Structure formats: structure tokens, C-alpha cells
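Participant: My questions are about this predicted structure, shown below with the sequence.
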Amino acid sequence: MKAQPFNGPYTMTKYAVEAYSDSLRRELLGQGIKVVKIQPGSFDTGLLVSAQAGFDQLYADTSYHKRALAKMQPLMKRELHSANDPAVLAKVVVTAAGQKNPRANYRVRNSRLMRLLEFIPDRMLDAVYKVLMK
């Protein structure tokens, strides 16, 4: 997952959980305990309401980033409105838990845009955001 503008705390916590999962999986390799990392895309939960409220509050409180936030808002809303049913994620969790040899990592319903961003080199993505937020 590439970090997006104005999304630092959220991205930071996701990276922390992913790093901890990888570390724990490697620590437990010799003990027969499997640790699976599940990377969910956008799901229709209360977190989305909080994300929208936080964005709206940031927009109301800032004068420095108002123009950039106004340009980013349609992209964020698009992601929030394309949220998946949490039952899809639950099914993947149950499936992974029931596997004798689960994969180390499951990506679940990332949007097309978020999947595409993974392949764009950081310098190029930075340039796109710089133009977008002018």
C-alpha cells in the first residue's frame, strides 16, 4: 500500500501491523505456528464514516492545504463509495484460517486505483500528486 497525502496516521498504523505480522510469522516459523497477513481494501464499516468526518474537519480547520484537499476530496470519496461488503473480508479470514498451508499474505478487494498505484514508481507518483495538488 502506497501512502496517500493527508492519510499519514492511517497508513502508519497499517504499515506497523503489516511489519509486526511479518516479524511474528518469521519468529514462529520453527514452531509450527502460522501467522497470516490480511491486507483489506476499503470495506463498509464505521471507519469510513470516521474517515469522511476527519477529512471534513481537516478541510474546515486548515487554510494552508484547502486547495489541495479540495482536489483530493473526489478521489477519497470515490474510494469510500466503492467500499466492499465486510462479509467478503470475513469469508477470506475464515478461508485463510481453515487452510493447512495458508499463504503468508492475502490482499482483499483493493480498488483498481489502489492496485495501480502499487506499480507506479514513487518519484512518478510524487510528480502526479504535485501537479494534482497545485
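Facilitator: Structure's in. What do you need? Residues are numbered from 1 along each chain as shown.

Participant: show me where the protein has strands.
Facilitator: Taking DSSP state E as the test, the strands found in the chain are 37-40, 105-108.

Participant: need the ones you listed in a markdown table with distance to Arg26, can you?
Facilitator: For every residue, glycine as well, the C-beta is placed using N, CA and C. Converted to a markdown table, the strands of the chain look like this (distance: least, Cβ to Cβ, whole Å):
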| stretch | distance to Arg26 |
| --- | --- |
| strand 37-40 | 11 |
| strand 105-108 | 13 |
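
Participant: For the protein, name the helix or strand with the lowest mean pLDDT.
Facilitator: Ranking every helix and strand in the chain by mean pLDDT, DSSP states H and E puts helix 112-117 at the bottom, with a mean of 78.

Participant: Return the list of helices and strands in contact with it.
Facilitator: helix 66-81 (3 or more Cβ pairs under 8 Å, 6 or more residues apart in numbering; DSSP states H and E).

Participant: helices or strands up against the helix it packs on?
Facilitator: helix 46-61, helix 112-117.

Participant: Next one: Ser42 from Leu48, what distance?
Facilitator: According to Cβ to Cβ, to the nearest Å, Ser42 and Leu48 sit 7 Å apart.
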